Structure formats: C-alpha cells, structure tokens
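**Q** sequence-free structure coming up:
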Ligand SMILES: [Zn+2]
C-alpha cells in the first residue's frame, strides 16, 4: 500500500486534490482498540473549497468492520458507507467557538490520512454493537456473562440460518 500517509491540509483543499487508497487494521490502531478486526477500508479523500468559501475535505469510506455482538458475543459484520465533509480551521479554539453543525478539523501541513479515516469510522460505530436480529435469547442482560455454551449455541444457530 504505497500512498502518502499524510497530506498538507490547506494545499490539498486548494488544489482540489484527490487521494484514494485502502487501509488495513494495522494502520488503524484506535479502531483495533475499540474491538474492530480483520477488515480493509477503502477511502477517497477529496480537497475542496466548500460552499462557505472555506477550505475543506470530503472523505468517503467504504468497507466493513468486524465487531463483537454484545448480546451473543458472536462476530458482527458492520458495513460502512460513510461520507463526511470537514471544514479546515486554523485552531482548536475556532472549533470550540463554533456553534453550528459543521464538522471541523484543524488544518496542518501533515494531516494523517489514517487518523482522518479513523475519526470518521469511530464516530459511526455503535456504542454497543448488537446484531439487528440477534440469535441470543432476548432478555439476556448486557452486563451478564453468558456461558461458553450459550455463546457456542448462538454461533451454531447463526451458521444454520446462513447469516
Ligand atoms: Zn448477536
């Protein structure tokens, strides 16, 4: 994966540059820490001057991450199709002072592409990942430790149902 690890934010925006690539979990340590595993995420980063006349970045992320269902403890594949629009600012204070819904990030000459992707994916992850239709018995308390047998039974059920 030969691609620049970092961009000069303002130059990238002004030049309307485009960077495409793929990132594995080894480049996304914070995602790995939050329980994601075994995925490669594709991204497209585009520089722009936004509708407010400010330099900005658009980031699209496609792929999926594998999490652990907090109800049955089975693997949970979460598809990701994110599009974010970020406005570049010169300082953290500018971000704090703003009281609108615009997503902002401090511009620098070396903005880590992986960190930008990671931030967006982390925002999109559910607080408590769960299968939408979980095969574990309903009513199992999230903080209760299911037995190994329960977890195994859940896995079996899942593989029989093909999902
Ligand atoms: Zn589940």
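**A** All right, it came through fine. Bear in mind the structure is a predicted one, so any value in this text is a computation, not a measurement.
**Q** When you work out contacts or count neighbours from here on, use the C-alpha atoms and nothing else.
**A** Fine.
**Q** Show me which residues of this protein sit near the ion.
**A** By CA under 5 Å from the ion, the part of the chain that sits against the ion consists of 69, 72, 131, 134.
**Q** what about the second one, is that helix, strand or coil?
**A** Three states are possible here, and by DSSP: H, G, I helix; E, B strand; the rest coil the one that applies to residue 72 is coil.
**Q** Just confirm it contacts residue 133, I think it does.
**A** No. Checked against CA atoms under 8 Å, the pair residue 72 and residue 133 is beyond contact range at 10.7 Å.
**Q** Nearest residue to the middle of this protein?
**A** residue 121 (1.0 Å; CA atoms, centre = their mean).
**Q** Where does that one fall, secondary structure wise?
**A** Residue 121 is located in helix 113-124, with elements delineated by DSSP states H and E.
**Q** just the strands in the chain please.
**A** Secondary structure of the chain by DSSP state E: the strands cover 6-7, 18-24, 40-49, 55-68, 75-89, 103-106, 111-112.
**Q** Columns mean pLDDT and mean neighbour count on top of these, output as TSV?
**A** As requested, those are exported to TSV (pLDDT from 0 to 100; neighbours: other CA atoms under 10 Å):
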stretch	mean pLDDT	mean neighbour count
strand 6-7	96	16
strand 18-24	95	16
strand 40-49	96	20
strand 55-68	95	21
strand 75-89	95	17
strand 103-106	95	17
strand 111-112	96	16
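**Q** Need the residues that contact the helix holding residue 121.
**A** Counting by CA atoms under 8 Å, 6 or more residues apart in numbering, helix 113-124 makes contact with 4-7, 23, 27-28, 30-31, 43, 59, 61, 80, 82, 84, all of which sit outside it.
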